[in-house]
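1. Quick one, what's the 3D model for this:
(2 chains)
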Amino acid sequence: MSESQNATLEKLAEREYQYGFVTDIESESVPPGLDEGIVRLISSKKNEPEWLLAWRLKALERFLQLAADGTEPTWAMVDYPKIDYQKIIYYSAPKQRKQLSSLDEVDPELLRTYEKLGISLAEQKRLTGVAVDAVFDSVSVATTFRAELEKQGILFCSFSEAVQQHPELVRKYLGSVVPYSDNFFATLNSAVFTDGSFAYVPKGVRCPMELSTYFRINAVGTGQFERTLIIADEGASVSYLEGCTAPKRDENQLHAAVVELVALDDATIKYSTVQNWYPGDKHGVGGIYNFVTKRGACRGKRSKISWTQVETGSAITWKYPSCILQGDDSIGEFYSVAMTTNYQQADTGTKMIHIGRNTSSTIVSKGISAGHGRQAYRGLVHVSPRAVGARNHSRCDSLLLGSTSSAHTFPYLEIENATAQVEHEATTSKIGEDQLFYCRQRGLSEEDAVSLIVNGFCKEVFRELPMEFAVEAQNLLSLSLENTVG
Amino acid sequence: MLELSNLHASAGGAKILKGIDLVVRAGEVHAVMGPNGSGKSTLANVLAGRPGVEITQGSVLFEGKDLTALSPEERARAGIFLAFQYPVEIPGVANSYFLKASLNAIRKARGLAELDAMDFLALVREKAKRVEMDEKFLQRAVNEGFSGGEKKRNEILQMAILEPKLAVLDETDSGLDIDALRVVANGVNALRSPERALLVITHYQRLLDYIVPDFVHVLSGGRIVRSGGKELALELEQKGYGWLGAAAPR
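-> Modelled structure (predicted):
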């Protein structure tokens, strides 16, 4: 990079995270710390049935054991000081006087918060064609378009409500894809999860609108542990999007979510994420630790699960949205753009577990690293002995900006069936001086040129996003780039 | 329009241009010819402001203003266009999108309203027809997987849309077959006007059969060793660069 380029970059680095405000709202929190009392308290606040409490307690027992054994995973290529799990507040909720019966009763301060984030929950201004569940700290504050969806038998509500209103579905599927004992952070989540979204699309129904959850962390010292469960029954299809932001704080906050997807015969689930948790400042202070377990089970024949993620936020990302391809002819897809700038770290990728016959999977991962950003793609393709005719195509491209960022690729291929066809391609490139000069000679500023080149690099992933969000993702990427271009 | 005086420039630590004097007026077409290594491309890059090419002495004035004070994008917005010898690929960016971004950046700098998608499409279709370029190229990524000839045609399309004041063509004829050469030349000739100047850099006389220059300059060893009318190009073609005493690179 030339001097003028560096100057541009430094100027741009002054740009700040625009969702970093704090909402001044009275909230109700439990004291920090993790023990059986806290878990029982969360469960009783949510008026949960006995079976769910029992499940939480099993998870707690396991987690405390794992923590005592010091078995927090360290294999990911990320560095962070040891987390003290006894210092985290595991439940925080905006104070509400009573059960809400309509949006009009939601605290206007909360509605304004979502307005500021560009998510309108107010009836007259809603995004058309998108139903939103808004999760604020530990609880869901509003879910839009519920009545319309229910006419078609589609259930879309907060996880807590699902536990009350559809316990049979929750009980049947909760933990069926990500068991409480799955991994350190999933186990923690199982013990203390507070809310999240729930969606069920019945047989043969194509969900007519995008379902969306907007996660917001607000309170100080809290962790956010939400749990999302989406079930597409036979022949059903649904597209779901989650977005997330958090205030700027100097402390690191833990976000350990679990997402479980279940697709039965001929069902399709498309799950898109635009993750913009606070990434920390330009010196690497503060930011969210995003340690998330996302997994989908293609249980039925010809079912399909597609993950699309645009990850620009978080101080540290540890996330591997995966597909278990159990049904014959099922399809798994993973499209990812991950961007690390300043001192952000990301270890992200996917797992495609081929079990059924003629299953196929596609992985497209685009990593962009700038500043002191560091990222690793980590992906597993496993073909089990009975997965006759399994096919996978993986493509991992990394783009480096500047000379202090890094990118790493760790593909794991475990092939136990000789009929499998598995391809892996990986490239690492730098934004070329030639490309930049070419764009500038055509009148584009250096900043616009970098943004254009990076967006082009991510095109294969952006085109998988629902229309409205593709634009948002591009904007987000440009904004993040302005932090660092280098 | 363009005035180079005693221009010295170096690239990668090597002195390449060693005192160029050249005046180009609006409406004129100048050809710069010369053997490999004579400094032709460096001259083009100096005008466009490529990072890494450094002016060590002398001056470059464009419309009376010091060009060297401007960044590459400012030069482009001021009306300088470089048709690249090796057009660059930009994967994932649609050609039409790139062109529109470019045109609007330049229009904006000139205080003109940005073109909306409909107007732009109409414009680009008309211009694409002129360079005999299939519309499908507009949807493909910039230069990605284009043949050599397609890349050069794309440069001419960009030039036709951006309507520069001074167009510098850096060996636009290299690698073109005779049909592509004709198309490219037609595109260039369509742009000739009393308000516009062209600087055509080429190794071979052949292009000048199609784009007839007003002046021909022979560059050798970083200097202009001979200037003349279009007949100079023909003479060179017959006698080769060796004919000029100073032609051998020093």
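
2. Look up phi and psi at the residue in chain B positioned nearest to chain A.
-> Nearest residue of chain B to chain A (C-beta to the nearest C-beta) works out as B:Gly92 at 3.1 Å. (Glycine included, C-beta is placed from N, CA and C.) In terms of degrees, to the nearest 10, the main-chain angles of B:Gly92 are phi 80, psi -10.

3. The nearest residue to A:Pro31 once chain neighbours are set aside and A:Phe184, how far apart?
-> Using C-beta to C-beta, 6 or more residues apart in numbering or on different chains and skipping the chain neighbours, the partner closest in space to A:Pro31 is A:Ile89 (7.3 Å). A:Ile89 sits at a distance of 19 Å from A:Phe184 (criterion: C-beta to C-beta, to the nearest Å).

4. gap between A:Leu325 and A:Leu413?
-> Relative to A:Leu413, and taking C-beta to C-beta, A:Leu325 is found at 15 Å.

5. Name the residue in those two with the higher neighbour count.
-> A:Leu325 (32 against 15; other C-beta atoms under 10 Å in any protein chain shown).

6. What does the spatially closest residue to the more buried one that is not a sequence neighbour show for phi and psi?
-> Closest residue to A:Leu325 apart from its sequence neighbours, by C-beta to C-beta, 6+ apart: A:Thr359 at 3.8 Å. When quoted as degrees, to the nearest 10, the phi and psi of A:Thr359 stand at phi -90, psi 150.

7. More neighbours: A:Ile89 and A:Phe184, which one.
-> A:Ile89 (21 against 17).

8. quick one: the more buried one and chain B, what's the gap?
-> Separation of A:Ile89 from chain B (C-beta to the nearest C-beta, to the nearest Å): 43 Å.

9. so that residue touches A:Leu34, yeah?
-> No - applying C-beta atoms under 8 Å, one finds A:Ile89 not in contact with A:Leu34, separated by 10.0 Å.

10. So what pairs up with B:Ala167 in the strands?
-> Beta bridges link B:Ala167 to B:Phe81, B:Leu198 when assigned by DSSP bridges.

11. Which pLDDT does the model give residue 201?
-> All of this refers to chain A. pLDDT recorded at A:Val201 is 97.

12. let's do chain B instead
-> For B:Ile201, the pLDDT comes out at 94.

13. before we move on, what SS does it have?
-> Secondary structure assignment for B:Ile201 (DSSP: H, G, I helix; E, B strand; the rest coil): strand.

14. which residues touch it?
-> Each residue near B:Ile201 by C-beta atoms under 8 Å, 6 or more residues apart in numbering or on different chains is listed here: B:31-33, B:40-41, B:43-44, B:168-171.

15. Likewise for B:Asn36?
-> Listed by C-beta under 8 Å, 6+ apart, the contact partners of B:Asn36 are B:His203.

16. That one is in what secondary structure piece?
-> Assigned by DSSP states H and E, B:Asn36 falls within no helix or strand.

17. likewise A:Tyr335?
-> Per DSSP H and E, A:Tyr335 falls inside strand A:331-340.

18. What's the first helix or strand after that strand?
-> Trace forward from strand A:331-340 with DSSP H and E and the next one is strand A:345-354.

19. about what we covered before: quick one: pLDDT of the residue nearest to A:Pro31?
-> The model's pLDDT for A:Ile89 equals 83.

20. wouldn't B:Val200 be in contact with B:Val24 here?
-> No - assessed by C-beta under 8 Å, B:Val200 is found out of contact with B:Val24, at 11.0 Å.

21. Looking at the two, which is more packed in?
-> B:Val200 (24 against 20).

22. separation between that one and A:Gly204?
-> 67 Å.

23. Then B:Val188?
-> 61 Å.

24. of the two, who's got more company?
-> Taking other C-beta under 10 Å, B:Val188 and A:Gly204 do not tie; B:Val188 has more neighbours (23 against 13).
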